[in-house]
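1. Fold the following.
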Amino acid sequence: MLNISPVSVAPQIDKSKYKAFDMLKYGANRHLLPKVFFVVFLVFIIVMFLPWTQNIRSTGKVTTLNPYDKPQTIQPLIGGRIQDWYVTEGDIVAIGDTIAILTEAKAEYLDPNLLNNTKLQQEAKLSSASAYGTKKKALADQLVSFKALQDSKLQQLAIKNRQIDIEINSMNQELIAAQTLSENANNQLLRMEEMYKKGIKSLTDLETKKLSLRDAEAKLLLAQNKLTKLNNDKLNVIQERTLAIAEYNQKVSKIESDIQSAESLRYTSIGEANKLESKFNQIQQRQESFAILSPIAGRITKILKNGIGEFVKEQDALATIVPLAYQGAVELFVEPVDMPLIQVGKNVRLQFDGWPAIIFSGWPNNSFGTYDGKVYAIDNDISQNGKYRILVTESNLEKPWPDLIRLGSGARGLLLLNDVRVYYEIWRQLNGFPPDFYQPDDTKDVKTKAPLRKIK
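-> Numbers count the residues shown, from 1 in each chain. The predicted structure is shown next:
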């Protein structure tokens, strides 16, 4: 009451009914407020010197390290028409289980005997190639025989040539003898004519010498003719040998050309047979590809094509499958300004969506509901969201990550840095300084394989 009015109302108030008047009157609590302020200040001072773990907050999602552990779509290798489905959404399948069966949809493959006909065509081409191989062998044998015949022919001509040489040598001797005989007969005729003129010899003797000279000249002419004939025979043998060699070369060239043609046709037939074999294998693989099999063990989450009789193209998505077991990891996205502080092997505290947690930012060890991890890898390229992606794997097997977490579920991370005092952290935050940089001691051998976890 301020007692401003000259008329007082104090006598009209019963102060015994109100405790506040008693407290003002006796001052029982006037020393409590300073004590409270002192305790609060003392607690504040103590808190300022408590340890504080610097950290970087980031968000991300659950993923996997191996590409074959990620959810994937099941695609047909070839196009066709859906004939049967063997799974429904939510089914668990093993590797090689049948997902669906397709039937042929292309006109060129509708022949029911196409596989058998292609095999017969291939066998026919192989038989043709074998026939050309036999022809080549026969031509090669013919070439060998012809060469042997040619060698025999040349040997005969060589023998004949040597015989003619011997006859020429003999005829040369006969020619020399005939020339000598002719000269002697001529000399005798000359002497006989001198003696006939002197009357020593008769006319009969003279005529006898003339006859002897004619005989000698006839023998000389005969020897010359024989020698000329032998020389002509020798020239004929040489010419015959030349013709034989030319004929041999011509026939050899033709046979070799036939051999090359047969070899070329054989290789052509083999090539066509290989093409038919490739076509046969393609048709066989195509017929086997109509059964769509599961590439992994997993759960069918969504069927993307409906009904029976629907046409699908090659590489169209038929269904989505999620692996049962995967190598778990968490991808977090960090601001570029914080990237120099992050090293492979740094500790990370993780919180997963669906698992409640109480987090003390500066005291991660006292947080409840968080899980331990280590930085496994850091991307060198910035992501489309303007941040850098890091991969975190499980590191504390004593408290493993929950088995029920799903790929793609949200996650939040605290990347633990240096331990400082609370007052220093407040001062750093007020001044906008970055966290302290330090090099972790456990960066060696950090890229160990993360444990496989199974989706239940």
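2. wait, isn't R241 in contact with L154?
-> Yes. The criterion here is CB atoms under 8 Å, and R241 meets it with L154 at 6.5 Å. The way it works is simple: take the backbone N, C-alpha and C, and place the C-beta from them, glycine included.
3. Does the helix or strand containing N249 pack against any helices or strands, and if so which?
-> Here N249, judged by DSSP states H and E, is contained in helix 203-288. Counting contacts by 3 or more CB pairs under 8 Å, 6 or more residues apart in numbering; DSSP states H and E, helix 203-288 packs against helix 114-197.
4. got any ranges where the stretch 351-456 of the chain has weak pLDDT?
-> 356-369, 396-398, 416-422, 424-425, 428-429, 431-456 (pLDDT under 70).
5. And the residue in the chain sticking out farthest from the centre, how far from A94?
-> What lies farthest from the middle of the chain is G199; by CA atoms, centre = their mean that is 124.2 Å. Distance of G199 to A94, computed by CB to CB, to the nearest Å: 148 Å.
6. right, and L415 touches G373 too?
-> No. Applying CB under 8 Å, one finds L415 not in contact with G373, separated by 9.6 Å.
7. For these two, list the residues in contact with both.
-> N347, V348 (CB atoms under 8 Å, 6 or more residues apart in numbering).
8. Please pull up the helix or strand immediately following the longest strand along the chain.
-> Criterion DSSP state E: the longest strand present in the chain is strand 51-64. Following strand 51-64 in sequence order, the next helix or strand is strand 72-74 (DSSP H and E).
9. in the chain, which ranges drop under the pLDDT threshold?
-> Short version for the chain, where the test is pLDDT under 70: 1-31, 52-55, 356-369, 396-398, 416-422, 424-425, 428-429, 431-456.
10. what's the domain layout of it?
-> Per automatic domain parsing, the structural domains of the chain span 51-69+324-454, 76-104+290-317, 114-286.
11. can you put these in a markdown table and add distance to K35?
-> Formatted as a markdown table, these follow (distance: least, CB to CB, whole Å):
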| stretch | distance to K35 |
| --- | --- |
| domain 51-69+324-454 | 24 |
| domain 76-104+290-317 | 64 |
| domain 114-286 | 89 |
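12. So which of those domains is nearest L42?
-> Closest to L42 of the domains of the chain is domain 51-69+324-454 (CB to CB; 14.5 Å).
13. what number of residues lie near the nearest residue in space to A244 that is not next to it in sequence?
-> In this structure, A244 finds its nearest non-sequential neighbour in K153, 5.4 Å apart by CB to CB, 6 or more residues apart in numbering. K153 is flanked by 16 other residues according to other CB atoms under 10 Å.
14. distance of K153 from A325?
-> Separation of K153 from A325 (CB to CB) stands at 84 Å.
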